[in-house]
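Asks: Predicted model and sequence below, questions to follow.
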Amino acid sequence: MNKEELLEAWKRFTEKNDFRLNPDKEHVDMILDGVLANEKEHGLKLCPCRIRDGTRERDLQLICPCNFKTHETWAEKGQCWCGLFVKR
Ligand code: SF4
């Protein structure tokens, strides 16, 4: 999957949901690059702004999009940990 395809997939993911992509395109672009770099290096589309511990269990929690509505940042700021998805 290339950058444009991943961006389209994220846009589709936000359709009919109570969140959207961060309107800051540079921020989204940075996260796109990070996720794709992780995929190249680790074989999974891992979150670029959270720490891996090398275990499969942790990696599975870090696949983007993750279960971000459980994050404190969602309750407090209305966004995923990285600020990729934000409340509408
Ligand atoms: S915190 Fe945001 S960028 Fe990171 S995996 Fe979750 S949804 Fe993706």
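Replies: Received the coordinates, thanks. Since this is a predicted model, take the numbers as computed values, not measurements. Numbers count the residues shown, from 1 in each chain.

Asks: what's around residue 41, how many residues?
Replies: Applying other Cβ atoms under 10 Å, we find 9 residues neighbouring residue 41. C-beta: built from backbone N, CA, C; applies to glycine.

Asks: quick one: contacts for residue 7?
Replies: Contact analysis of residue 7 by Cβ atoms under 8 Å, 6 or more residues apart in numbering lists 28, 32.

Asks: Model confidence for residue 19, exactly?
Replies: For residue 19, the pLDDT comes out at 98.

Asks: what's near enough to touch it?
Replies: By Cβ under 8 Å, 6+ apart, the contact set of residue 19 is 85-88.

Asks: repeat that for 10 Å
Replies: Remark: with contacts taken as Cβ atoms under 10 Å, 6 or more residues apart in numbering, residue 19 is in contact with 13, 65, 68-69, 74, 78-80, 84-88.

Asks: where do the strands sit along this structure?
Replies: 19-21, 85-87 (DSSP state E).

Asks: Please identify the deepest-packed of the ones you listed.
Replies: Greatest average neighbour count among these goes to strand 85-87 (a mean of 19), per mean count of other Cβ atoms under 10 Å.

Asks: quick one: contacts of that one?
Replies: Strand 85-87 is contacted from outside by 10, 13-14, 17-24, 27-28, 31, 64-66, 68-69, 73-74, 77-80, using Cβ under 10 Å, 6+ apart.
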